[in-house]
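Visitor: model the following, please.
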Amino acid sequence: MDFLQFLFSLKRNQKRAVSLVIDALFLSLAFWSALLVRIDDIAVLANPQHWLLLFIVVPLSLVGFAKLGLYRAVLRYMGLQAITAIGVGVLLSAIMLVLFAFYIVDGQLPRTVPIIYASFSLVFIGGSRAIVRSLVGSGLKRVGEPVIIYGAGVSGRQLFTALAQSREYYPFAFVDDDESLHGTVIQGVHVHSPSIIRNLVKQKSATKILLAIPSASRSRRQAILEQLQSLAIQVLTLPAMADLVSGKKLYSDIKEVEIDDLLGRDCVTPRADLLAANIRNKVVMVTGAGGSIGSELCRQILKQCPKKLVLFELSEFGLYSIDRELNAIAKELSLDVQIYPMLGSVQRENRVQAVMEAFEVQTVYHAAAYKHVPLVEYNVVEGVRNNVFGTLYTAQAAIAANVEVFVLVSTDKAVRPTNVMGTTKRMAELVLQALSDKGGPTRFSMVRFGNVLGSSGSVVPLFRTQIANGGPVTVTHPEITRFFMTIPEASQLVIQAGAMGKGGDVFVLDMGQSVKIIDLATKMIRLSGFEVKDDNHPDGDIVIEFTGLRPGEKLYEELLIGNNVTGTEHERIMTANEAFLTWGQLESILERLDKACHGFQHEVIRDILLSTPTGFNPTDGICDLVWQQKADKKHSSGADSSNVVPLVS
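Guide: As a prediction, the model looks like this:
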């Protein structure tokens, strides 16, 4: 083994020289062995004509091997190309032996000698390489962390080959659901049934399981992860097949399990006609373009080739980041799309209208909003200003600028809201419904969905950070549940739903089954290779702590106010037929709300939100931080403060 290590440490040219010398010796050995087997007389070694024949055939054979690319193949990763080069090269060498034998030994060479020579050459040259490759796989690679590869298909074999190039992991076993593969050996490694995976983990003290099933459906991946989480071993996964095929990712780019795999929802292929309807060759504007939803909307819109894409964003850094990213994507994909980064607030109607009119915007996706529940509870006036009046001003600007389509990105928290954020989003829906009922050039629609994985404020990145730091993992309540969807899927569905709008529509996305947050936290801990520490497992690694519901937070989210819901032509999109206010009824409410916000009259704001038919049912008193500071001062001076709510971190 030390000799092999020495050989592999040589420079590339030195390795080729060694290979040439060894192959020359093997061809010579094959030639003399063929003669001795056929003639059975050691006197053939003294025949100068045989030596002359050998000195001509061997160098020419080596040249043939070189031309066929045998010495460009890396020995430890020898594949079909190298095997083909050996076979063709040996055949050419045998043919040269026959041809030159007529001129040098007058055709006296027995006819079976070239056949025997070819056989010995294949064994010596091909067999020696196979032996060295096997030794490398069984000896040199037995270093690094012992891991199991789940999936013995093409991806699993590719992953094994990729890992052989590093000393980080040592894959000692394959596991696969295909019973026909059980008991077989692939690249020197045995394939086992998933039923014995626990024994395999104990056998070699495996540290990780690598999922090599990039083309499997999410539901299948979820079922596998459900089996593996009981092992409390870290599970890593290959990138998606699309990224592997496109070359964006390599088989060696293993990563942590994606949370959408845990949810198990298979994405429905988006309909191309709906994606393109309001975008292709049109001028499209996205408000809140630098946010998690807004930025993904921009990425999806860019792929549909709009004439112009207007990015409207309050945050300078957010706008800079998404503008730079989109221009890079457009350049990479050779997309002829003009991208315009525009700074501004949706609370300034004249700015919004000026932008829409200047670029002749045809489609607006309104994603600008304050959506973090506790933060809006602590900053009530700004939440109302941005979510309610920001939507109102943007919608009125769209009407004045003759925008064709206006799509509001709403939330499940707008249904029977217990917090200010959800109530303001329901108010925003009422604004668009009233404006749509009033009539005008703009077709308004709203799309309501739940939490998106990876968005700002999402529990998933928080849990990852807490697990990486050794815990504790914080969950607000043991019974809390949420709907989840990936950002790309949600953005695609928003675009498709907007294309189906007729005016005043409230679309609801099929979010699948709600997920218990404590179950999600437990799975993430166990699939990261740790055990949950609790009363039943006092020797566990990471504690889950319950911090209590935050101001305005609900245990369960809903997507519908009533049961009056109908399907659409898209299987993941429904439409809710809900009661709304006319513009005449809503206008006076908005005027009083505007006045209350201007005077920072939080009690009045609370009364207006409660009296408006939004279904607002607050679980807490007024939590605005400025209002609480004033209330605390009044309390210290003896005034009543019954509405004051202690701050919850």
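
Visitor: hey, let's count contacts and neighbours off CA atoms from now on
Guide: OK.

Visitor: how far does stretch 340-348 sit from the chain's center?
Guide: 30 Å (C-alpha atoms, centre = their mean, to the nearest Å).

Visitor: not counting its own residues, what contacts it?
Guide: Contact partners of stretch 340-348, identified using C-alpha atoms under 8 Å, 6 or more residues apart in numbering, comprise 287, 308-316, 319-320, 323, 351-352, 355, 368, 385-386, 389-391, 393-394.

Visitor: so Val384 is in which element?
Guide: Val384 is part of helix 380-384 when elements are defined by DSSP states H and E.

Visitor: for the stretch 501-649 of the chain, which segments count as helices?
Guide: 517-527, 583-598, 602-611, 625-636 (DSSP state H, counting those that start in this stretch).

Visitor: what about those helices, which gets the closest to Leu555?
Guide: helix 517-527 (10.2 Å; C-alpha to C-alpha).

Visitor: show me what the helix or strand hosting Val286 is packed up against.
Guide: Secondary structure from DSSP H and E places Val286 in strand 283-287. Judged by 3 or more C-alpha pairs under 8 Å, 6 or more residues apart in numbering; DSSP states H and E, strand 283-287 is in contact with helix 292-303, strand 308-313, strand 363-366.

Visitor: just to revisit the earlier point, output the helices of the stretch 501-649 of the chain as JSON lines; include the columns mean pLDDT.
Guide: As requested, these are exported to JSON lines (pLDDT from 0 to 100):
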{"stretch": "helix 517-527", "mean pLDDT": "83"}
{"stretch": "helix 583-598", "mean pLDDT": "94"}
{"stretch": "helix 602-611", "mean pLDDT": "94"}
{"stretch": "helix 625-636", "mean pLDDT": "84"}
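
Visitor: winner for burial among those helices?
Guide: helix 517-527 (a mean of 21; mean count of other C-alpha atoms under 10 Å).

Visitor: now what about that one, what contacts it?
Guide: 225, 228-235, 257, 262, 463-464, 467, 473, 475, 478-482, 531-532, 542, 544.

Visitor: so which of those residues are in helices?
Guide: Using DSSP state H, Leu225, Leu228, Leu262, Phe463, Arg464, Ile467 are the members of the contacts of helix 517-527 that sit in helices.

Visitor: name the nearest of those residues relative to Ala328.
Guide: Looking across the ones in helices among the contacts of helix 517-527 and measuring by C-alpha to C-alpha, the closest to Ala328 is Arg464, at 29.0 Å.

Visitor: select only the buried ones of the contacts of helix 517-527 in ChimeraX?
Guide: Only the buried entries of those go into this ChimeraX selection, using 16 or more other C-alpha atoms under 10 Å:
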select :225,228,229,231,232,233,234,235,257,262,463,464,467,473,475,478,480,481,482,531,532,542,544
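
Visitor: ok, back up a step: would a markdown table of the helices and strands packed on strand 283-287 with mean pLDDT, mean neighbour count and distance to Ser193 be doable?
Guide: Below are the helices and strands packed on strand 283-287 laid out as a markdown table (pLDDT from 0 to 100; neighbours: other C-alpha atoms under 10 Å; distance: least, C-alpha to C-alpha, whole Å):
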| stretch | mean pLDDT | mean neighbour count | distance to Ser193 |
| --- | --- | --- | --- |
| helix 292-303 | 93 | 22 | 40 |
| strand 308-313 | 97 | 24 | 52 |
| strand 363-366 | 96 | 25 | 50 |
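
Visitor: kindly reformat those as TSV containing distance to Ile83.
Guide: TSV is the format used below for those (distance: least, C-alpha to C-alpha, whole Å):
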stretch	distance to Ile83
helix 292-303	44
strand 308-313	53
strand 363-366	57
